[in-house]
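Q: Sequence plus the predicted model coming up.
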Amino acid sequence: MALDLESLSDATSGAVGSLLSTTILYPLDTCKTKYQAEVQAHGQQKYRHLSDVLWEAISNRQVLSLYQGLGTKNLQSFVAQFVYFYGYSYFKRLYIERSGYKSVGTKANLVLAAAAGACTAILTQPLDTAAARMQTSAFGKSKGLWQTLTEGDWSHVFDGLGISLLLTSNPAIQYTVFDQLKQRLLKSKQNKTDKDSSPESLSAFSAFALGALSKSIATILTYPAIRCKVMIQAADSGDNGTEKAQKKPRKTLMGVVFAIWNREGLLGFFKGLRAQILKTVLSSALLLMIKEKISATTWVLILALRRSLLLTRGRLKSA
């Protein structure tokens with residue numbers, strides 16, 4: 001099977017964009033995750049506002065702990081975005097080739113994006129769970145990746161997989177909205193059909209704006225599931241890796257739902273929504289902006305590589 005260079009380029013640019021955006025926004029992500037993971041108990045809350053998490057790190061002289069789990073998160077983010085963008089791009093190209101349509105409709109786009117998201121969730125769930133546990137551990141108490149993964153039963157590294165599969169609707173909605181808006185915006189610029197020409201790309205500002213809008217819509221629609229997932233994957237308070245801590249009851253979706261409902265009510269399912277939107281919108285917008293610019297810049301190199309491979313193959317046949 002021939003290597004799909006266009007899908008490979010799309011996947012690489014998406015993964016690099018994700019790596020950069022994750023690193024830049026990681027302290028905000030840590031504050032957001034710790035804030036989301038806390039459930040009000042007996043009317044008491046440790047974090048009443050997102051800024052309380054940041055203040056705790058500063059007052060305890062643990063500012064660098066805001067980066068705990070960054071390596072794991074970057075690895076998870078890079079692999080996830082590479083798999084997602086490659087699968088999404090490849091599925092779209094395959095759909096167009098098999099169906100004979102010139103473009104992918106909204107419904108088909110949702111299905112293809114969800115399929116790519118499901119593959120991504122299954123492959124990267126252990127890293128996702130480990131990163132969440134590192135972020136929600138007490139400042140300065142985060143464990144290494146291997147130690148986090150090997151705590152208790154190996155099945156625990158797949159905690160939250162069911163919700164992750166459900167949340168494939170998030171990127172499906174996001175990238176479908178982004179692609180549809182992008183196609184409309186570039187429609188007037190796509191008069192040339194030369195296959196060897198550089199494809200039209202969005203400006204940095206346009207990519208940022210469309211990325212922010214598409215991610216906001218997806219985040220609002222799926223947020224209750226996002227918070228439940230964070231709580232399931234979060235490290236137990238006071239967990240120091242002891243045998244006693246490892247024997248704590250396993251968190252379940254229904255258990256988390258009842259805990260939120262009983263202690264915080266309906267609005268509890270949306271605790272941290274503004275922080276989630278702020279982080280994910282900035283992250284997604286930066287990711288898509290970087291991806292667009294990298295894709296446009298590297299397209300000429302991809303074409304040159306393809307020509308070089310064809311020339312090499314021709315010389316070998318003629319030799």
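A: That came through, no problem.

Q: ok, the most centrally placed residue in the chain - contacts?
A: Against the mean C-alpha coordinate of the chain, by CA atoms, centre = their mean, the closest residue is S77 at 6.1 Å. S77 sits next to A15, S18, L19, T22 when contact means CB atoms under 8 Å, 6 or more residues apart in numbering. Heads up, the C-betas are built off the backbone N, CA and C, glycines and all.

Q: and which of those is nearest I173?
A: S18 (17.8 Å; CB to CB).

Q: For the closest one, which non-adjacent residue is spatially closest?
A: Q81 (3.8 Å; CB to CB, 6 or more residues apart in numbering).

Q: is it true that the one you found touches L288?
A: No: Q81 is not in contact with L288 according to CB atoms under 8 Å; the separation is 10.8 Å.

Q: hey, what's in contact with both of the two?
A: With CB under 8 Å, 6+ apart as the test, Q81 and L288 both reach G17.

Q: hmm, back to that, among the contacts of S77, which lie within helices?
A: Cross-referencing the contacts of S77 against helices under DSSP state H gives A15, S18, L19, T22.

Q: Greatest separation within those: which pair is it?
A: A15 and T22 (10.5 Å).

Q: what bits of the stretch 201-319 of the chain have low per-residue confidence?
A: 201, 237-249, 296-300, 302, 319 (pLDDT under 70).

Q: if you set the cut-off to 80 instead, what comes out?
A: 201-205, 207-208, 211-212, 235-251, 280-281, 283-307, 309-310, 313-319 (pLDDT under 80).

Q: Kindly report the same for the stretch 1-150 of the chain.
A: In the stretch 1-150 of the chain, residues with pLDDT under 80: 1-18, 39-45, 81, 85, 100, 102-107, 109-110, 149-150.

Q: What ranges does it have for its strands?
A: Assigned by DSSP state E, counting those that start in this stretch, the strands in the stretch 1-150 of the chain number zero.

Q: my guess is C119 contacts Y86, does it?
A: No: taking contacts as CB under 8 Å, C119 lies outside contact range of Y86: 9.4 Å.

Q: correct me, but Q36 touches Q276?
A: Yes: if you go by CB under 8 Å, Q36 and Q276 touch, sitting 7.3 Å apart.

Q: Spell out which residues are contacts of both of the two.
A: The contact lists of Q36 and Q276 share I226, where a contact means CB under 8 Å, 6+ apart.

Q: quick one on the thing from earlier: neighbour-wise, which of Q81 and L288 wins?
A: In terms of neighbours (other CB atoms under 10 Å), L288 is the more surrounded of Q81 and L288; the figures are 29 against 26.

Q: returning to what we had before: include distance to L310 and neighbour count when you put the contacts of S77 into TSV, please.
A: Listed next are the contacts of S77 as TSV, based on distance: CB to CB, whole Å; neighbours: other CB atoms under 10 Å:
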residue	distance to L310	neighbour count
A15	26	23
S18	31	27
L19	31	19
T22	37	22
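
Q: JSON lines please, covering those and showing distance to S103.
A: Formatted as JSON lines, the contacts of S77 follow (distance: CB to CB, whole Å):
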{"residue": "A15", "distance to S103": "25"}
{"residue": "S18", "distance to S103": "26"}
{"residue": "L19", "distance to S103": "30"}
{"residue": "T22", "distance to S103": "31"}
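
Q: List just the nearest of these to A131.
A: Using CB to CB, these come closest to A131 at T22, 9.9 Å.

Q: residues touching that closest one, list them.
A: D29, K73, N74, S77, S283 are the contacts of T22 under CB under 8 Å, 6+ apart.

Q: so which pair among these is furthest apart in space?
A: For the contacts of T22, the maximum inter-member distance is 12.4 Å, found between N74 and S283 (CB to CB).

Q: neighbour-wise, which of these two wins?
A: A count of neighbours by other CB under 10 Å puts S283 above the other of N74 and S283, at 23 against 18.

Q: element containing the more buried one, please.
A: Applying DSSP states H and E as the criterion places S283 in helix 273-318.
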